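K.L.:
Generate a structure from the sequence data that follows.
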Amino acid sequence: MAPKTSLAYVLVAPCIPLMGHGHEAYTYHVEVAEKLVEGSVVRISFGKRKILGVVLQVDVKRPQYPTKPITTILDTVLTSHQMQFATLLAGAVHGGLGFTLRLFIPHSV
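P.N.:
Numbers count the residues shown, from 1 in each chain. Okay, here's the model as predicted:
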């Protein structure tokens, strides 16, 4: 019998425009053994699409609702300065934080 794996929960900002007053980040899960830090660029399922997202917070408390898994952890990690600047920009432009964070992800990803 395979050992039971435990999950870690993280807050991810999808890199798409999110209009209105909805959520800017969503909780996803990943195997605990995976290495994730704030600023990690990941591939996630969002609706029926696979899109890029940026990890905003690690070690989030397990939510009361089901979560989706992170599909892929990419090698790209945004710096804390990039994250802070994107947060500042997101307050001044439309589209939300994730849509702004996509500007800091290299085109080769």
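K.L.:
hey, let's count contacts and neighbours off CA atoms from now on
P.N.:
Will do.
K.L.:
residue ranges with poor pLDDT in this protein?
P.N.:
Within the chain, the segments meeting pLDDT under 70 span 1-5, 19-22, 32-33.
K.L.:
three-state assignment of F85?
P.N.:
Under DSSP: H, G, I helix; E, B strand; the rest coil, F85 falls in the helix class.
K.L.:
So L101 is in contact with A86, correct?
P.N.:
Yes - assessed by CA atoms under 8 Å, L101 is found in contact with A86 at 5.6 Å.
K.L.:
okay, the two: which has more neighbours?
P.N.:
Neighbour count, other CA atoms under 10 Å: between L101 and A86, L101 has more, with 26 against 20.
K.L.:
ok so the more buried one is a helix residue?
P.N.:
Yes - counting by three-state DSSP, L101 falls inside a helix.
K.L.:
Contact partners for it?
P.N.:
C15, V54, M83, A86 (CA atoms under 8 Å, 6 or more residues apart in numbering).
K.L.:
how near is R62 to Y28?
P.N.:
Relative to Y28, R62 is positioned 10 Å away (CA to CA, to the nearest Å).
K.L.:
and for these two, which residues touch both?
P.N.:
Common neighbours of R62 and Y28, using CA under 8 Å, 6+ apart, are Y9.
K.L.:
So between the two, which is more surrounded?
P.N.:
Y28 (23 against 15).
K.L.:
so when I look at the more buried one, I'm seeing a helix, right?
P.N.:
No - Y28 is assigned strand when assessed by three-state DSSP, not a helix.
K.L.:
Assess the claim that it and L7 are in contact.
P.N.:
No - taking contacts as CA under 8 Å, Y28 lies outside contact range of L7: 9.8 Å.
K.L.:
about what we covered before: most widely separated two among the contacts of L101?
P.N.:
The widest separation within the contacts of L101, taken as CA to CA, falls between C15 and M83 and amounts to 13.0 Å.
K.L.:
Next up, the contacts around the residue nearest the centre of the chain.
P.N.:
For the chain, the residue nearest the mean C-alpha position is V12 (2.4 Å; CA atoms, centre = their mean). Shown in contact with V12 (CA under 8 Å, 6+ apart): A25, Y26, T27, Y28, G53, V54, V55, L56, Q57.
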